[in-house]
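> the sequence isn't on hand, but the structure is:
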């Protein structure tokens, strides 16, 4: 079992990851000495929850609350239902909220923990690769407003992150692909030396998934830890993790759910690399390196073939991108993460890795990616 | 104008209080250089808001959002409506939320500011004495859950507290009385040397209200500042400000809205003093001092005459008091703030000013107060 402490600003967050390590995870939760636990539980992982519940109940009362993880449900009303449940079953200030599931459950239960009695302790039990290798390494908790994704939230350091990697072994492809895309992002934007570790892990995924997950976990942790240590609110250096997320978010939203987050971010990274090259930041070899690495994701180019996405619809989405608030943005311009070489973002005037890019240039870059038959 | 900085833990909160000082207040808001402002506005103070809006709009776009300050509306759904409004009018991460009104507006808009984009800046513009002299000196923002008051919330340091004391001059009696009761609490539990300042201010209220408000502001600030400096989350020494709030909250809730917070806290302080005396902590002279000081509030004893409150209903309320989570509380026992002399709380085992008291003893003490014809 991997055991250690992630430092996010002043917060020290213990983690435990291993294969078939349920007794150790329950022991770690019990060491928090909560009066009781409220288990926010993704409906899709109830079979994993049964043995956890049985073992954990030897240590404390546990009250499950099942969440149907649909993006439309990720609202304050769901946060309130979870808090109402917690109060009804007698949770007090020393209780913990356990979030078992993917990013949606982690984010929603995380915000409930942040708000209940103005803050109780949170334990992440991630069951998808993107949650386990990426989303839980963050203080950011939040839900959607009608106007957009994750516009309402708070910061809360988890008191523990605990994952049995065997939970991840039966994961559906979109969740798997998103985890892989975010790890590809870590290689391209932060840790280029890890390229062979990453491609080796992908090759292992089918036949030795637990070993592959262990490698991907190491990649996620090593990419994020140094940046989170000094930028706990992810408003400065850690904005590099938004690489590919400008065009990516626009694609995801304009597809009305047809395109998953991982695929959208992969195309978005290619578009960002094309912009970086066009502005003279990124050498051709590093641009080609993007196409080479992302070819491992097996994304069919027909998915974004010219004509499938309406340029006007993408432009409308870029106009409300949530990174715009980080920089004073002129109309028609978007702050984007660009690279000057693999692993090294271009720094803006304030030192942050965000550069204003005309939306038209970003859209042109996306169309160039869509016309390129290399993946 | 009084101008200074309140230190709440690591947060430095500037304040400006004066009579007829609107231009200075608008200037102070403008110095925050927000892109725009969302003005959460108590429906009852729209006449005060008109000149503020006019002057502030010379500095920035201002978008009012009127709140009907009913306790039943103080829920996450109202917080969400305010955030939806802010996004719809184009608020970004550099915008400010202005909270103009009493405690309900301050708490609700404060939570919206804490959650919008995971935190934008908050400016309190208190228009009631209890808000201006007490509630705004806090990081605590929050709203109610179905199960109880303020169970859902967050901590956010205001970026500015600004008050034109002339806003307070037309205040209805329940809001006035609550402000006075909390200042009486400050005298009894924290600053007994300020008794004559307090009673002088009460005598001035009718004929020189602005001077009286200025004295009460000074009392509120001086009582809270030293304790908030070292206990920003009000979970240790600052729990002394819960004096009178155990029996007080129970009375307020059991009255179904017939008894205001201020009156309830006043009776609650007498009950807490009776308990303190019965347990041998408080001398008879200091118990008598409670009755003497609170007589200035002109509360008719008939309001709590025996038989008006059902002992069982009060016991039910005590059983769910929100201070119970601060201490491991045996069933039938409530953590209460008790005094060993005026200005000096009894310290519990962990140094906090909370002592477990059998609910039956608290109820007996209340009945003794109800049978005492001294106010």
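Arrived safely. A quick note: this is a predicted structure, and the numbers were derived from the prediction, not measured.
> which non-adjacent residue is nearest the most centrally placed residue in chain A?
For chain A, residue A:135 is the residue whose C-alpha lies nearest the centre (CA atoms, centre = their mean; 3.7 Å). Closest residue to residue A:135 apart from its sequence neighbours, by CB to CB, 6 or more residues apart in numbering or on different chains: residue A:103 at 4.3 Å. For every residue, glycine as well, the C-beta is placed using N, CA and C.
> the one you found and residue A:137 touch, don't they?
No - under the criterion of CB atoms under 8 Å, residue A:103 lies out of contact with residue A:137, with a separation of 11.7 Å.
> thinking again about what came up before, the residue nearest to residue A:135: neighbouring residues, count only.
Residues lying near residue A:103 (other CB atoms under 10 Å in any protein chain shown) number 24.
> any idea how far residue A:47 is from it?
Distance, residue A:103 to residue A:47, by CB to CB, to the nearest Å: 20 Å.
> how about the closest residue to residue A:327 other than its chain neighbours, what does it touch?
Spatially, and ignoring its direct neighbours in sequence, residue A:327 is nearest to residue A:335 (4.5 Å; CB to CB, 6+ apart). Residue A:335 sits next to A:246, A:323, A:324, A:326, A:327, A:329, A:348, A:354, A:355, A:356, A:357 when contact means CB atoms under 8 Å, 6 or more residues apart in numbering or on different chains.
> the helix or strand hosting residue A:335 pairs with which strands, parallel or anti?
Using DSSP states H and E, the element containing residue A:335 is strand A:333-336. Here strand A:333-336 is paired, per DSSP bridges, with strand A:355-358 (antiparallel).
> which residues sit against the helix or strand just after the partner strand?
Counting by DSSP H and E, the next helix or strand C-terminal to strand A:355-358 is helix A:359-370. Outside helix A:359-370, the residues within contact range by CB under 8 Å, 6+ apart are A:246-247, A:251, A:267, A:270-272, A:274-275, A:278, A:301, A:304-306, A:308-309, A:311, A:314-315, A:318-319, A:332-334, A:336.
> what about helix A:359-370, distance to the chain center?
Average the C-alpha atoms of helix A:359-370, do the same for its chain, and the two points are 24 Å apart (CA atoms, centre = their mean, to the nearest Å).
> ok, now stretch A:213-220?
Centroid displacement of stretch A:213-220 relative to its chain, using CA atoms, centre = their mean, is 14 Å.
> just stretch A:364-375 next, same as before
Using CA atoms, centre = their mean, the offset of stretch A:364-375 from its chain centre is 25 Å.
> buried sites along that stretch?
Buried residues in stretch A:364-375, defined by neighbour count with 16 or more other CB atoms under 10 Å in any protein chain shown: A:364, A:365, A:366, A:367, A:369, A:370, A:375.
> checking the residue in chain A sticking out farthest from the centre next. Helix, strand or coil?
Distance from the centre of chain A peaks at residue A:58, with 32.4 Å (CA atoms, centre = their mean). Three-state assignment for residue A:58 (DSSP: H, G, I helix; E, B strand; the rest coil): coil.
> so what's it closest to, chain neighbours aside?
Nearest to residue A:58 is residue A:26, by CB to CB, 6+ apart, at 7.7 Å.
> mind telling me what element that neighbour is part of?
Using DSSP H and E, the element containing residue A:26 is helix A:22-30.
> who are the packing partners of that helix?
Packed against helix A:22-30 by the contact rule (3 or more CB pairs under 8 Å, 6 or more residues apart in numbering or on different chains; DSSP states H and E) you find strand A:11-18, helix A:46-56, strand A:160-164.
> the same query, at a cut-off of 6 Å, please.
Applying 3 or more CB pairs under 6 Å, 6 or more residues apart in numbering or on different chains; DSSP states H and E, we find helix A:22-30 packed against strand A:160-164.
> direction included, what does the strand it packs on pair up with?
Partners of strand A:160-164 in its sheet, by DSSP bridges: strand A:11-18 (parallel), strand A:121-126 (parallel).
> mind putting the ones you listed into a markdown table with mean pLDDT and mean neighbour count?
A markdown table is the format used below for these (pLDDT from 0 to 100; neighbours: other CB atoms under 10 Å in any protein chain shown):
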| stretch | mean pLDDT | mean neighbour count |
| --- | --- | --- |
| strand A:11-18 | 98 | 18 |
| strand A:121-126 | 98 | 26 |
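> for the closest residue to residue A:144 other than its chain neighbours, grab phi and psi.
Nearest non-adjacent residue to residue A:144, counting by CB to CB, 6+ apart: residue A:74, 5.1 Å away. The phi/psi pair for residue A:74 (degrees, to the nearest 10) reads phi -80, psi 70.
> pretty sure residue A:74 sits against residue A:145.
No - Residue A:74 is beyond contact range of residue A:145, at 10.3 Å (criterion: CB atoms under 6 Å).
> quick revisit: for the residue nearest to residue A:58, grab the count of nearby residues.
Residues near residue A:26, counting by other CB under 10 Å, number 21.
> over to the one 3 residues further on?
The criterion is other CB under 10 Å. On that basis, residue A:29 has 24 neighbouring residues.
> how close does the residue lying closest to residue A:61 once chain neighbours are set aside get to residue A:27?
What sits nearest to residue A:61 in space, not counting adjacent residues and going by CB to CB, 6+ apart, is residue A:36, at 4.3 Å. Per CB to CB, residue A:36 is found 17 Å from residue A:27.
> who touches the longest helix along chain A?
The helix that spans the most residues within chain A, counting by DSSP state H, is helix A:209-230. The contact list for helix A:209-230, computed with CB atoms under 6 Å, 6 or more residues apart in numbering or on different chains, reads A:6-8, A:17, A:19, A:133-134, A:137, A:165, A:168-169, A:183, A:186, A:190-191, A:194, A:197, A:201, A:204-205, A:237-238.
> from those, which would you call buried?
A:6, A:8, A:17, A:19, A:133-134, A:137, A:165, A:168, A:183, A:186, A:190-191, A:194, A:197, A:201, A:204-205, A:237-238.
> restricted to helices, list those.
A:183, A:186, A:197, A:201, A:204.
> so which of the residues you listed sits lowest on pLDDT?
In terms of pLDDT, residue A:204 ranks lowest among these, with 94.
> coming back round to it: what sits against the residue nearest to residue A:61?
With CB under 6 Å, 6+ apart, residue A:36 has these contacts: A:60, A:61, A:91, A:95.
> distance-wise, check the residue nearest to residue A:35 when sequence neighbours are not counted relative to residue A:17.
Nearest residue to residue A:35, sequence neighbours excluded (CB to CB, 6+ apart): residue A:94, at 4.6 Å. For residue A:94, the distance to residue A:17 equals 26 Å [CB to CB].
> and residue A:58, its phi and psi?
Phi and psi for residue A:58, reported as degrees, to the nearest 10, are phi -70, psi -10.
> now do it against chain B, distance only.
Distance of residue A:58 to chain B, computed by CB to the nearest CB, to the nearest Å: 21 Å.
> same check on residue A:145?
Residue A:145 sits at a distance of 6 Å from chain B (criterion: CB to the nearest CB).
> same check on residue A:235?
Taking CB to the nearest CB, one finds residue A:235 at 9 Å from chain B.
> report the contact partners of that residue.
Neighbouring residues of residue A:235 by CB under 6 Å, 6+ apart: there are none.
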